[in-house]
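Enquirer: Test case, fold it:
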Amino acid sequence: MSGSIGDAFDTTALARLHFHALDRSEQVAAIRRMSADGMSDYGISHATGLAVEMVRRVLHEAPP
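Expert: Numbering: from 1, shown residues only. This is a model prediction of the structure:
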């Protein structure tokens with residue numbers, strides 16, 4: 001079963017939980033780092049569990 005933490009150690013689900021435990025500014029910084037490291041919008045979406053549109057919105061916002 002993909003995307004769950006149960007009997008098997010699922011690093012993707014654990015990474016998503018960690019991402020969602022971050023506050024908004026930390027999430028934005030993480031998304032910007034992933035993009036700077038060459039990840040696509042779709043890759044970031046998969047890694048974070050956010051919709052591609054949300055990722056694109058963050059990437060197109062002016063940095064603080």
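Enquirer: what's the helix or strand of the chain with the lowest mean pLDDT packed up against?
Expert: Least confident helix or strand, the chain: helix 11-21 with a mean of 89, by mean pLDDT, DSSP states H and E. Where contact means 3 or more C-beta pairs under 8 Å, 6 or more residues apart in numbering; DSSP states H and E, helix 11-21 is packed against helix 24-36, helix 41-48. Heads up, the C-betas are built off the backbone N, CA and C, glycines and all.
Enquirer: So which residue is smack in the middle of this structure?
Expert: Centroid-nearest residue in the chain, with C-alpha atoms, centre = their mean: residue 48, separated by 2.4 Å.
Enquirer: Can you verify my assumption that that one contacts residue 18?
Expert: No. In this structure, residue 48 is not within contact of residue 18 by C-beta atoms under 8 Å, at 10.0 Å.
Enquirer: Mind pulling up the pLDDT for residue 4?
Expert: pLDDT for residue 4: 56.
Enquirer: ditto for residue 57
Expert: At residue 57, pLDDT is 97.
Enquirer: now swap in residue 64 and tell me
Expert: Taking residue 64 on its own, its pLDDT is 71.
Enquirer: Tell me, how many residues neighbour it?
Expert: Neighbour count of residue 64, defined by other C-beta atoms under 10 Å: 6.
Enquirer: how about the nearest residue to it, chain neighbours excluded?
Expert: residue 25 (7.6 Å; C-beta to C-beta, 6 or more residues apart in numbering).
Enquirer: Ok, residue 49 next?
Expert: Distances taken as C-beta to C-beta, 6+ apart put residue 16 closest to residue 49, at 4.5 Å, once the chain neighbours are dropped.
Enquirer: What's the separation between the one you found and residue 60?
Expert: Separation of residue 16 from residue 60 (C-beta to C-beta, to the nearest Å) stands at 22 Å.
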